[in-house]
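>>> the sequence and its predicted three-dimensional model are supplied below.
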Amino acid sequence: MIELEGRLEEIIYQNESNGYTVGILSTEDEEITIVGVLPALREGEDLKVKGKWTVHPNYGRQLEIQEYRPVQPSTTKGMISYLSSGIIHGIGEKMAKRIVDLFGSETFEIMQHQPHRLREVSGIGEAKAEAIAEAFKEQWELRDIILFLSQYGITPNYAVKIYKKYGEKTIATIQENPYRLADDIWGIGFKKADEIGKTMGISSNSKYRIHAATKYILNCLHLEGHTYAPKQLLVEKTCQLLNGTSDEIEDAIQHLALEQKIHLEKYQNQLNVYSLPYYYAETNTCNKLIQLSQVVVKPLSVNLEEEIKSLAQEENIHLAMNQKEALRQALENGILVITGGPGTGKTTTINSLIKTFQKQKLKILLAAPTGRASKRMTEATGMEAKTIHRLLELGYSEEEEEMNFQRNEEDPLDADVIIVDEVSMVDILLMNSLLKAISLGTRLILVGDVDQLPSVGAGNVLKDIIDSNIVKVVMLTEIFRQAQESMIIINAHKINKGEFPQSNVKDKDFFFITRNKKEDILETLVELVKERLPKHYQFDAIKDIQILSPMKKGEVGTINLNKALQHSLNPPIKWKSEKEYRDKTFRVGDKVMQIKNNYTLKWYTIESNSTDIQGEGVFNGDIGYVHSIEHNHQEVTVCFDENRLVVYNFTQLDELELAYSVTVHKSQGSEFPVVVMPITWGPPMLLTRNLLYTAVTRAKNLVVLVGTENYLNQMIQNNKIVERYSGLGYRLKKYFDFQNGIE
């Protein structure tokens, strides 16, 4: 590690959002280029820095700063330079000189502890003295906080976020309870807060630590898909994390409930623990579903038989019996669920509904959970479909700094009919937000395949609604003739019934390649993607072919597959920019996926004739391609949806993963021309029938499975769906039983 001291002579570039800075540091011996996250610095400041030398291909030798500490200027020239640097609004060079000339070496001491004396300086009145003192205090506090937090491994970037939250009380707040950081600062979780707590000497059985750990475990269970945790499970898992006693954890649960930070609810002699957002989402969703199921919608003057004939003659839409039933129920009910597997005509049913409602001059809105799913819906219907987030107009409210949906119960969606596709992907939080924005009297039609994997987020919404008997449900079961020609669709239904798929039929679209060893499976997967499938079918190796894997780890998990496929499909070339980030390398041309919802990321379009030129929001599961990498500005630009560009700074690269291979869970809502999948040993909870079914139904033109028939058979026979703790089903059932007099 190189250690240097010098003056920041020039700032070449500074990113205001994350503090990333490129500057010139003048030392006793030379002027050097420094780069790194250096927030709240201005030209003229004296610094002590630690870092390592790097060589940029375009800009030469640079010192990449790992740690830094502002040094209080002690010379007259240094103090004047610091005060006139622009860091303190209202002080120019002449004013800085007058201040330093009057107070000399005591200048900073007086500004910090006797700011009223600034009025002794010519040209500074009471108001200006207060403003200068406040700005000086803020900058000095931030420096102290950056220095204080750096000893605990907290970067200056996070230090700024922490200071914005706690202000002048930052150090005192963290010294009292470092575990508050896990609640208050996004990106600092329990484990990091616990490291800080241990370093500070916080007791291992501190109530702050136990409370934070309990909330952390509860949140981990939410991330696994549960809307609540049975109390006993929460106690056991928290005990394992802390090596603590169950009495301590149970006491923490009671205190958190009394403080209204969690909610406790008894059901069938079991105490369940909710985080408040999930409790409110679940109860509100239940209540709104019941209301929608009971509302009497405005009757429409539609002769069903005549309408079915009209659809056949005018639109060439021929409906099966269950599709006709879906049309009838949609006309009569405030809420309807339509479910069915591939080839059963869900899209045809949606189109028939749209045509019928359009004839009645009704305003129709279409939506889906992801960008890719909404794009498919648009292509299938010829009408614009939006993501649910965009439909609900995600943005900032005037009163709050946090993102929220602008459409809600106070400002509902202006629509007569709302049709939502791929509802199996909708979690309880998103469903609650959607239902809030729907007025009673608006028809809501939910479409999805209940046999697919449940949502990545918490809840089992579609299945709970269908099982409740509260909402009208139409199941599409007939496979249409044109769909019967596809082995993908035939085999998807076979798999769903627990039957072995038929493969390797000449000139068909479903193949199984037998490979026994994992290294042979890996080699075959790479060969298929790079050479065999592009050569035989003219598919694009990167854009058309998607490898889906049940797991992340292991030889044929997504992590290793992505490394192998990147090396094969997009190898390093001298002229291609790349950026190493932790254990990943991103290179221009790479296929990447956004792995978390980021509602504030800005995007802009390449095409000037596009309806939307710019906007905000990139969502979990969106797939794009690395467009450019700018080391000087520390930025990676990714192109999504062929024309939507998003700029990430290097500190945001934890939101991206290589996507040559993705997990089946991450593929939900997407459709790919070709799906290739390894079939080999893995954890039984991942090798399930509905996971295989979900993977196969992601393919449009071709499926290739590579592995052993034994494990394929195990997946088909393993119909155990991992239990999700979700209370929506029993809430709805409780109402149904009450309504029907069932005790």
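Nice, thanks for sending it over.
>>> CA only for contacts and neighbour counts going forward, please
Fine.
>>> sticking with residue 140, tell me its helix or strand.
helix 126-150 (DSSP states H and E).
>>> do the same with residue 6
Going by DSSP H and E, residue 6 is in strand 2-14.
>>> residues making contact with that strand?
With C-alpha atoms under 8 Å, 6 or more residues apart in numbering as the test, strand 2-14 has contacts from 20-28, 42-53, 633.
>>> at 7 Å what do you get?
20-27, 43-52 (C-alpha atoms under 7 Å, 6 or more residues apart in numbering).
>>> pull out the buried positions in the helix holding residue 140.
For helix 126-150, burial by neighbour count (16 or more other C-alpha atoms under 10 Å) applies to 128-130, 132-134, 136-137, 140-143, 145-147, 149-150.
>>> tell me the mean pLDDT over the helix or strand just after that helix?
Sequence-wise, the next helix or strand downstream of helix 126-150 (DSSP H and E) is helix 156-166. For helix 156-166, mean pLDDT rounds to 76.
>>> avg pLDDT for the helix or strand following helix 156-166?
The C-terminal neighbour of helix 156-166 among helices and strands, as given by DSSP H and E, is helix 170-176. Throughout helix 170-176, pLDDT has a mean value of 84.
>>> before we move on, what about stretch 729-743?
Mean predicted confidence for stretch 729-743 is 76.
>>> contacts for stretch 438-454?
292, 295, 297, 334-341, 412-413, 415-425, 460, 462-463, 690-691, 693-694.
>>> any weak-confidence spans in the stretch 351-500 of the chain?
Applying pLDDT under 70 to the stretch 351-500 of the chain picks out residues 396-403, 481-483.
>>> show me where it has its strands.
364-368, 385-387, 394-396, 403-405, 417-420, 443-448, 472-476 (DSSP state E, counting those that start in this stretch).
>>> would you mind saying which of these lies nearest residue 684?
With respect to residue 684, and counting by C-alpha to C-alpha, the nearest of the strands of the stretch 351-500 of the chain is strand 443-448 at 25.8 Å.
>>> confirm for me that residue 318 is in contact with residue 312.
Yes - contact criterion C-alpha atoms under 7 Å: residue 318 and residue 312 qualify, at 5.2 Å.
>>> with neighbour numbers in mind, choose between the two.
Taking neighbours as other C-alpha atoms under 10 Å, residue 318 and residue 312 compare with residue 318 leading, 17 against 14.
>>> with adjacent residues omitted, what lies nearest to residue 294?
residue 334 (7.5 Å; C-alpha to C-alpha, 6 or more residues apart in numbering).
>>> what is the burial count for that neighbour?
Residues within reach of residue 334, counting by other C-alpha under 10 Å, total 25.
>>> now swap in residue 3 and tell me
The number of residues near residue 3, taken as other C-alpha under 10 Å, comes to 12.
>>> would you mind measuring from it to residue 26?
When distance is defined by C-alpha to C-alpha, to the nearest Å, residue 3 is 13 Å away from residue 26.
>>> give the contact list for the residue nearest to the spatial centre of the chain.
The chain has residue 596 as the residue nearest its centroid, 1.8 Å off, counting by C-alpha atoms, centre = their mean. Residues in contact with residue 596 (C-alpha under 7 Å, 6+ apart) are 619, 620, 655.
>>> quick check, nearest of these to residue 467?
residue 620 (27.9 Å).
>>> tell me the SS of that closest one?
Under DSSP: H, G, I helix; E, B strand; the rest coil, the three-state class of residue 620 is coil.
>>> confidence score at it?
We note a pLDDT of 79 for residue 620 in this prediction.
>>> next one: the one 4 residues further on
Turning to residue 624, the model gives it a pLDDT of 93.
>>> mind telling me what element it is part of?
Per DSSP H and E: residue 624 is located in strand 623-630.
>>> so what strands line up beside that strand?
Strand 623-630 sits in its sheet next to strand 591-594 (antiparallel), strand 635-640 (antiparallel), going by DSSP bridges.
>>> quick check: buried residues in that strand?
Quick answer for strand 623-630 (16+ other C-alpha under 10 Å): 623, 624, 625, 626, 627, 628, 629.
>>> list the contacts for residue 702?
509, 510, 673, 674, 675 are the contacts of residue 702 under C-alpha under 7 Å, 6+ apart.
>>> residues contacting the last one?
Looking back up the chat, that one is residue 675. Residue 675 neighbours (C-alpha under 7 Å, 6+ apart): 545, 546, 547, 548, 699, 702, 703, 704.
>>> adding distance to residue 241 and secondary structure, write those out as a markdown table.
Shown next, in a markdown table, are the contacts of residue 675 (distance: C-alpha to C-alpha, whole Å; DSSP: H, G, I helix; E, B strand; the rest coil):
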| residue | distance to residue 241 | secondary structure |
| --- | --- | --- |
| 545 | 41 | strand |
| 546 | 37 | strand |
| 547 | 35 | strand |
| 548 | 32 | strand |
| 699 | 41 | strand |
| 702 | 45 | strand |
| 703 | 42 | strand |
| 704 | 42 | strand |
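>>> tell me which two in the residues you listed are the farthest apart.
548 and 702 (13.1 Å).
>>> all strands of the stretch 601-743 of the chain, in order?
614-618, 623-630, 635-640, 644-649, 656-658, 661-663, 672-679, 699-707.
>>> quick one: which of the ones you listed is nearest residue 192?
The closest of the strands of the stretch 601-743 of the chain to residue 192 is strand 656-658. By C-alpha to C-alpha, the value is 21.4 Å.
>>> just the residues contacting that closest one, thanks.
Outside strand 656-658, the residues that reach it (C-alpha under 7 Å, 6+ apart) are 562, 591, 592, 593, 594, 595.
>>> and which of these is nearest residue 362?
Closest to residue 362, out of all of these and judged by C-alpha to C-alpha, is residue 594, at 36.1 Å.
>>> and the closest one, what are its bridge partners?
Beta-bridge partners of residue 594, as defined by DSSP bridges: residue 656.
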